[in-house]
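Enquirer: Could you look at this predicted model? Sequence included:
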Amino acid sequence: MQIETLAVTLIFVITLGSQASAQEKKLERSQLPAAVQRAAAEQSKGATVRGYSTETDNGQVVYEVEMTVHGRSRDVTLDSTGNVLEVEEQVLLDSLPEAVRSGLKGLAGSGTITNVESLTKRGTLVAYEAHVHTGTKRSEVQVGPDGKPLAHPE
């Protein structure tokens, strides 16, 4: 009985792993479409590129450039023509307006905020996202640029 349970668990874990890798695929720069290569080069000026990937998001193929700029992470999502769709950029909690800090801390509750990112979509700041650790549990909370909770996650 235990062997059967172990086998079923193992198959489940392998299936989840293969689904995760199907969602996001690591690429080399040379595998990006030419327009994406140009946009990635422009977006990563002065940065250290950590990697490239592609995935399908709501039926659209998108490309992500993961980089580090001045010691902070910055991820840029591009469409197949090189247009910037989204930018996730690590920011310091202390650098944010008081309303945003208070909003994130309020949603984090007793948890510890370990990382904060600004989320910009199509050139407009839409949210701040904080990674929260509460004991062994990890979660994310988001507020709008005004520090108020969002109606839906960005």
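Expert: That came in fine, so what should we check first? Residues are numbered from 1 along each chain as shown.

Enquirer: Torsion angles phi and psi at the most centrally placed residue in the chain?
Expert: By Cα atoms, centre = their mean, the mean C-alpha position of the chain lies nearest to E88, the distance being 6.1 Å. Phi and psi for E88, reported as degrees, to the nearest 10, are phi -110, psi 120.

Enquirer: And V91, by the same measure?
Expert: Main-chain torsions, V91, degrees, to the nearest 10: phi -130, psi 160.

Enquirer: Next, count neighbours for it.
Expert: By the criterion of other Cβ atoms under 10 Å, V91 has 15 neighbours. C-beta here means a position set from N, CA and C on the backbone, and glycine is covered the same way.

Enquirer: where's it relative to V69, distance?
Expert: 12 Å (Cβ to Cβ, to the nearest Å).

Enquirer: same check, this time on L78
Expert: From L78 across to V69, the span is 16 Å (Cβ to Cβ).

Enquirer: Looking at the two, which has the bigger crowd around it?
Expert: Just comparing L78 and V69: by other Cβ under 10 Å the higher neighbour count belongs to L78, 25 against 15.

Enquirer: Test my guess that that one contacts V62.
Expert: Yes: with contact defined as Cβ atoms under 8 Å, L78 and V62 form a contacting pair (6.7 Å).

Enquirer: list residues touching both of the two?
Expert: L85 (Cβ atoms under 8 Å, 6 or more residues apart in numbering).

Enquirer: quick revisit: mind listing what the residue nearest to the centre of the chain touches?
Expert: Per Cβ under 8 Å, 6+ apart, neighbours of E88: 73-75, 117-120, 129.

Enquirer: Apply 10 Å and report the result again.
Expert: Residues in contact with E88 (Cβ atoms under 10 Å, 6 or more residues apart in numbering) are 64, 66, 73-77, 117-121, 127, 129, 154.

Enquirer: which among those residues gets closest to R138?
Expert: E129 (12.8 Å; Cβ to Cβ).

Enquirer: tally of neighbours for the closest one?
Expert: Residues lying near E129 (other Cβ under 10 Å) number 20.

Enquirer: Now do it, the pLDDT please.
Expert: For E129, the pLDDT comes out at 98.

Enquirer: how near is it to D75?
Expert: Distance, E129 to D75, by Cβ to Cβ: 12 Å.

Enquirer: mind giving me the domain ranges of this protein?
Expert: Per the record, the chain has its domains at 25-72, 92-154, by automatic domain parsing.
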